[in-house]
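Chemist: Following is a predicted model, sequence given first.
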Amino acid sequence: MPDAISLGVGEPDFDTPWRIREEGIYSLERGRTFYTSNSGLKELRAEIVRYLDRKIGVAYDMNHEILITVGGSEAIDIMMRAMLEPGDEVLVPQPCYVSYVPCTILADGVPVVIPLKNENQFKLTRDELISHITDKTKILVLPFPNNPTGSIMTREDLEQLTDVIIENDLYVLSDEIYAELTYGSDHVSIASLPGMKERTIVVNGFSKGFAMTGWRLGYAAGPAEIMKQMTKIHQYAIMCAPTNSQYAAIEGLRNCGDEVEEMRMEYDRRRRYLVNVFKEMGLPCFEPFGAFYIFPCIKEFGMTSDEFATRFLKEEKVAVVPGTAFGDSGEGFLRISYAYSMDDLKEAIGRMQVFVARLRQEKRH
């Protein structure tokens, strides 16, 4: 579609920091094109251990508790396959990233959706968790910072859940792929809370915070016995993650903190712009404190999210994602990504202001 602007893709608009790219090139020039160990390069696992200690305050054993994967997505898949018996239930708070439900089904598990509420800023509450637990519940997915809502869980929010998790002997899949992209407060991992490291698998990677989407590199950190089983599946299905990506990621963890922070600050600038412009537009929207998405409510127009997004694309040539793409509880909302330049954002939002004014005019008539 000529002249269309997309605000639909969750991919950083920044190039991978130059030092990471240079190290990837250098590894190829040096002929480092061999398989690594199934668990990943020892040097990378050591850097991840240091990074996690620094960022979330949890100490891991690089030899037994870290696995390098093909993106965070592979880690989600093989964690489900390693842990689920047929009929085991997985609690999936929605709206959320689209992979958790199909990965549960592929592993013969039963996904149990927990619909999150706008009035709670799409955080998971203690009562919502308790009301969905059965004697078949095995895993709780914690997808925070959240795609698509931008919601985060603070330390206080997480502390409301831990005794319920422990009493019901649940395991947690904590998807922390957006951990580098929080605003106003540091990211807190549930693995850092008392009694939780031994029942939490932390999934993270380099795609979002380090702008390395196409490098396909992630990792899982968790209890040794679970990681051992995940590594078996990984070695038979994958063998190892891309070798040059692993060498590049070592450089990123060691020396690219400044570039990561610069990207985070630019996302924050765009985030604050959108929060203010939606307020001026009169579209209800809580302030997101993580990831690079905002989730405005469009219920006033009496249209489904899909209808709104389709008309917006056809009439103003701007692509956004209907909230229902991330679960039924996303109905009445849109996911707008701000992983785009400020110029594109301003042009797209200008078109949205025109579109919203037209819809309100139609309602009056």
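Modeler: Cool, got the structure.
Chemist: after the helix or strand V203 falls within, next one along is what?
Modeler: Element membership of V203, judged by DSSP states H and E, is strand 200-205. With elements assigned by DSSP H and E, the helix or strand that comes after strand 200-205 is strand 218-221.
Chemist: Would you mind putting the CA coordinates of that next one into CSV?
Modeler: Taking C-alpha atoms only, strand 218-221 is exported to CSV below (Å, rounded to 0.1, in the frame of the first residue of the first chain):
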residue,chain,number,x,y,z
GLY,A,218,18.2,-16.2,23.5
TYR,A,219,18.7,-18.2,26.7
ALA,A,220,17.0,-19.9,29.6
ALA,A,221,18.2,-19.9,33.2
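Chemist: before we move on, the earlier item: how far off centre is the strand holding V203?
Modeler: Computed by Cα atoms, centre = their mean, to the nearest Å, the chain-centroid distance of strand 200-205 equals 11 Å.
Chemist: In terms of secondary structure, what does that strand contact?
Modeler: Secondary-structure packing of strand 200-205 (3 or more Cβ pairs under 8 Å, 6 or more residues apart in numbering; DSSP states H and E): helix 71-83, strand 171-175, strand 218-221. C-beta: built from backbone N, CA, C; applies to glycine.
Chemist: Packed most tightly, which of the ones you listed would that be?
Modeler: With neighbours taken as mean count of other Cβ atoms under 10 Å, the helices and strands packed on strand 200-205 reach their highest mean count in strand 218-221, at a mean of 26.
Chemist: picking up where we left off before, would you turn the helices and strands packed on strand 200-205 into CSV with distance to A4?
Modeler: Shown next, in CSV, are the helices and strands packed on strand 200-205 (distance: least, Cβ to Cβ, whole Å):
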stretch, distance to A4
helix 71-83, 27
strand 171-175, 31
strand 218-221, 31
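Chemist: Take these and lay them out in a markdown table including mean pLDDT.
Modeler: Below are those laid out as a markdown table (pLDDT from 0 to 100):
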| stretch | mean pLDDT |
| --- | --- |
| helix 71-83 | 98 |
| strand 171-175 | 98 |
| strand 218-221 | 98 |
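Chemist: Without its sequence neighbours, what residue ends up closest to F144?
Modeler: M153 (4.5 Å; Cβ to Cβ, 6 or more residues apart in numbering).
Chemist: residues near the one you found, how many?
Modeler: Neighbour count of M153, defined by other Cβ atoms under 10 Å: 25.
Chemist: Determine whether the claim that it is in a strand is correct.
Modeler: No. Assessed with DSSP: H, G, I helix; E, B strand; the rest coil, M153 is coil; it does not lie in a strand.
Chemist: before we move on, back to that, can you list contacts of the strand holding V203?
Modeler: 52, 56, 58, 69, 71-72, 75-76, 79, 171-177, 179, 189-191, 212, 217-223, 226 (Cβ atoms under 8 Å, 6 or more residues apart in numbering).
Chemist: Now it: buried residues?
Modeler: Buried residues in strand 200-205, counted by 16 or more other Cβ atoms under 10 Å: T200, I201, V202, V203, N204, G205.
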